[in-house]
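sequence first, predicted coordinates after that:
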Amino acid sequence: MGLTLTGVGVSRGIAIGNAYLLQPEAPEIIEYALPEHLVADEVTRFKAALDTARQQLSAIRKQIPRGTPADIAAFIETHVLMLEDSALTDAPVKLIKTQRCNAEWALKQQRDILVSVFEAMDDPYLRTRKDDVDHVVNRIQRILLNQPAHPLEFSDDRLKGVIIVTGDISPADLLLMQHQGVAAFITEAGGPTSHTTILARSLGIPAIIGVAHARRNIPPGSRLIMDGQQGTVLVDSDAKSMRYFRSKQREDKRHLAALSRFKKQPAVTRDGWSITLRANVELPEDTQAIKRTAAAGVGLYRTEFLFMNRPNIPDEEEQLRAYVSIARAARGAPVTIRTLDLGADKMPGGRQQIAPSTTHSALGLRAIRLCLKEPSLFRPQLRAILRASAYGRVRMMIPMLSSLPELLQVLQLVQDVKNELKGQGLKYNENMRVGAMIEVPAAALIAESLARHLDFLSIGTNDLIQYTLATDRTNEAVNYIYDPLHPAVLRLIDMTLRAGRDIGIPVAMCGEMAGDVRYTRLLLGMGLNEFSMHPSMLLEIKSIIHSSRLTELTKMARKVLKCSDAEEIRMLIGKINAIEM
Ligand code: PEP
Ligand code: MG
């Protein structure tokens, strides 16, 4: 009987292969003092290492084949830009000069300063950006220490079919892995919203993160079986498990192939109710997924991704190009552009400008609150979204709304921008739809009064659950409290759906719950008829819709909503999901 390890499954799929252990990227750094006359040489040595790092990255960039998702290139670009950033170029030079220390040590000190800034951030996405700093710094350190290139940069096929086991993986490394035919990867570190895991999902590479002491427990070359959905790794397991997982692998392939038949079919329940399924996208170029799954447009476009992987802010024209390109790709289907969901510390414009502060907690100056405080950030985005509305069915969506005055202020601003555009003779759609996310309990409780001023609502369950249950969605210690089936959460969802029905505007859901097969039937029964999710889940959710009868589910959901015990609810949902309809 072999060993079983567990982590967080972040990219589904079963992989079977030999373990390839990638040793820690971060080399050991020691400090030594320099005599005055060698300081200038040390600065030259550091600058030469920067040049070599740039050459290495540009070589990787050249390897990107045509058709590679644009987000991959964007990640490489982030690292290239970081090599031009004064935080990594000038600051270490200053340290070498003032402290008369070696380049490696100066770089390490600067790395620690940058990483502490990122670690103080509340947004899980931005917090994982410290990984980018580490990846770039480690590359320069390896060059300074004359260490060989990373194994992933060798050009042979020793990595074909292996399962990489390592501390952490950069997006650039993941790209190289894909080229070399790596079957899957397991890391000890990383967050479910890191660039690497987002990429793994879009590249379809099974992945598990957060496997404690993976490199200590997995011998090099051992036979691994991993389930990227369950987050389990079997080390040198017996023939019986191997047979089981091989057949599960075949079954998964058949299942996915069978799902493709739903692509051309409308999302309709067995008793004839039509349901709308849309895609969540992060980058404007990420439109392949809309086509691949035949999604009915975009239910959530997270625009902050456009602002974050770079040292400067995209101006109105650049944003316009991005929004128009996605509107065109949607070919007449709605594209829901969410206004910036950044926090006070998440100001774009370069890492060195990010001030460490505690005012940007999940309860702080974030999303629409920040936008209303910073018109210089918000107005160009409003102008770009409105101008893009002349080119397709663009809709605007406000995140983290918590009060009516806040909404009225946004709507006034939209009106002002419309007048401004009109005055300038610029085209826009006068009737562009404006909606809001319901992700704060207060907003759900006053959904009816908000709905009177809006064209649609969309429930953001990721935050709604976090705020309702007062449980940080990024904090492992309170993960057990985070529960989509908590009766309070279900009641707030129900309240929002009712508000939409009463006022006569559509209510969608774009949080993770909408793409989770365990909740599809319940949500259908509660009256949700517009789901927006990660595109990889769309056909699976459609298959559940096809096997469900809304009239029966409505009765069942009513019963669920009467329960005040999450465990009882879970049991009922289990039964609802098992029924043949
Ligand atoms: C949500 O909160 O459910 C949501 C979709 O927004 P995000 O995950 O980007 O915070
Ligand atoms: Mg949210």
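That came through, no problem. Ligands and ions are numbered 1, 2, ... in the order given.

stretch 375-385 - what's its average pLDDT?
For stretch 375-385, mean pLDDT rounds to 95.

and Leu363, that's in a helix?
No: counting by DSSP: H, G, I helix; E, B strand; the rest coil, Leu363 falls outside a helix, being coil.

any idea how far Ala557 lies from Ala289?
The gap separating Ala557 from Ala289 is 30 Å, by Cβ to Cβ, to the nearest Å. C-beta: built from backbone N, CA, C; applies to glycine.

those two: which is more packed in?
Using other Cβ atoms under 10 Å as the criterion, Ala557 and Ala289 rank with Ala557 on top: 24 against 18.

wait, what's in contact with Thr471?
465, 478-479, 481-482 (Cβ atoms under 8 Å, 6 or more residues apart in numbering).

quick check, pLDDT for it.
85.

tell me, how many residues neighbour the closest residue to it other than its chain neighbours?
Among residues not flanking Thr471 along the chain, Ile481 sits closest, at 4.0 Å (Cβ to Cβ, 6 or more residues apart in numbering). Using other Cβ under 10 Å, the number of residues around Ile481 comes to 14.

for ligand 2, what's the nearest residue on the stretch 201-350 of the chain?
Asp341 (6.3 Å; Cβ to the ion).

same question for that residue, what's its three-state structure.
Criterion first, three-state DSSP; result for Asp341: coil.

run a quick neighbour tally on it.
Neighbour count of Asp341, defined by other Cβ under 10 Å: 25.

neighbours of Lys562, how many?
Quick note: Lys562 (other Cβ under 10 Å) scores 11 neighbours.

distance of it relative to Lys555?
Going from Lys562 to Lys555 by Cβ to Cβ gives 12 Å.

sorry, back to before: so who does the residue of the stretch 201-350 of the chain closest to ligand 2 touch?
Listed by Cβ under 8 Å, 6+ apart, the contact set of Asp341 reads 302-304, 366-367, 399-400.

what's the pLDDT at Leu306?
So, for Leu306, pLDDT stands at 81.

re the thing from before, His79: which of the contacts of Asp341 is nearest?
Glu304 (19.3 Å; Cβ to Cβ).

can I assume that closest one is in contact with Leu342?
Yes: counting by Cβ atoms under 8 Å, Glu304 does reach Leu342; the two are 5.3 Å apart.

quick one: which of the two has more around it?
Leu342 (25 against 20).

pretty sure the more buried one is touching Ile368, no?
No: between Leu342 and Ile368 there is no contact under Cβ under 8 Å: 10.4 Å.

what strand or helix carries the residue of the stretch 451-581 of the chain found nearest ligand 2?
Residue nearest to ligand 2 within the stretch 451-581 of the chain (Cβ to the ion): Asp463, separated by 3.7 Å. Asp463 is located in helix 461-468, with elements delineated by DSSP states H and E.

so is that helix next to ligand 1?
Yes: judged by Cβ under 6 Å from any ligand atom, helix 461-468 comes into contact with ligand 1 through 461-463.

from the chain's centre, how far out does the following helix or strand past that helix sit?
Next in sequence after helix 461-468, counting helices and strands by DSSP H and E, comes helix 487-503. Distance, stretch centre to chain centre, for helix 487-503: 26 Å (Cα atoms, centre = their mean, to the nearest Å).

which residues does helix 487-503 contact?
438, 441, 444-445, 447-448, 450-452, 456-457, 459, 461, 464-465, 468-469, 483, 506-507, 509, 523, 526-528, 560-561, 563-566, 569.

just the buried residues of the residues you listed.
Among those, the ones that count as buried by 16 or more other Cβ atoms under 10 Å are 438, 441, 444-445, 447, 450-451, 456-457, 459, 461, 464-465, 468-469, 483, 507, 509, 523, 526-528, 560-561, 563, 566, 569.

in strands, which of those residues fall?
438, 456-457, 459, 507, 509 (DSSP state E).

double-check that Leu234 belongs to a strand.
Yes: assessed with three-state DSSP, Leu234 lies in a strand.

how many neighbours does it have?
Around Leu234 there are 22 residues (other Cβ under 10 Å).

those residues of the stretch 301-450 of the chain touching ligand 2, which are they?
In this structure, the stretch 301-450 of the chain approaches ligand 2 at residues Glu439, judged by Cβ under 5 Å from the ion.

close to ligand 1: what parts of the stretch 301-450 of the chain are there?
Checking the stretch 301-450 of the chain against ligand 1 by Cβ under 6 Å from any ligand atom, the hits are 302, 341, 439.

would you turn those residues into CSV with pLDDT?
Below are these laid out as CSV (pLDDT from 0 to 100):
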residue, pLDDT
Arg302, 87
Asp341, 89
Glu439, 96
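
what about stretch 513-528, start to end distance?
For stretch 513-528, the first-to-last residue distance is 12 Å (Cα to Cα, to the nearest Å).

flag every buried residue along that stretch.
513-516, 519-528.

go on, stretch 83-96?
83, 85, 87-88, 91-93, 95-96.

before we move on, what about stretch 259-278?
262, 267, 269, 273, 275-278.

could those residues be laid out in JSON lines, adding pLDDT, secondary structure and distance to ligand 2?
Output for these, formatted as JSON lines (pLDDT from 0 to 100; DSSP: H, G, I helix; E, B strand; the rest coil; distance: Cβ to the ion, whole Å):
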{"residue": "Phe262", "pLDDT": "93", "secondary structure": "helix", "distance to ligand 2": "28"}
{"residue": "Ala267", "pLDDT": "97", "secondary structure": "coil", "distance to ligand 2": "24"}
{"residue": "Thr269", "pLDDT": "97", "secondary structure": "coil", "distance to ligand 2": "28"}
{"residue": "Trp273", "pLDDT": "97", "secondary structure": "coil", "distance to ligand 2": "28"}
{"residue": "Ile275", "pLDDT": "98", "secondary structure": "coil", "distance to ligand 2": "23"}
{"residue": "Thr276", "pLDDT": "98", "secondary structure": "strand", "distance to ligand 2": "20"}
{"residue": "Leu277", "pLDDT": "97", "secondary structure": "strand", "distance to ligand 2": "20"}
{"residue": "Arg278", "pLDDT": "96", "secondary structure": "strand", "distance to ligand 2": "16"}
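
now these in JSON lines, with distance to Leu408?
Below are the buried residues of stretch 259-278 laid out as JSON lines (distance: Cβ to Cβ, whole Å):
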{"residue": "Phe262", "distance to Leu408": "42"}
{"residue": "Ala267", "distance to Leu408": "35"}
{"residue": "Thr269", "distance to Leu408": "38"}
{"residue": "Trp273", "distance to Leu408": "35"}
{"residue": "Ile275", "distance to Leu408": "32"}
{"residue": "Thr276", "distance to Leu408": "28"}
{"residue": "Leu277", "distance to Leu408": "32"}
{"residue": "Arg278", "distance to Leu408": "27"}
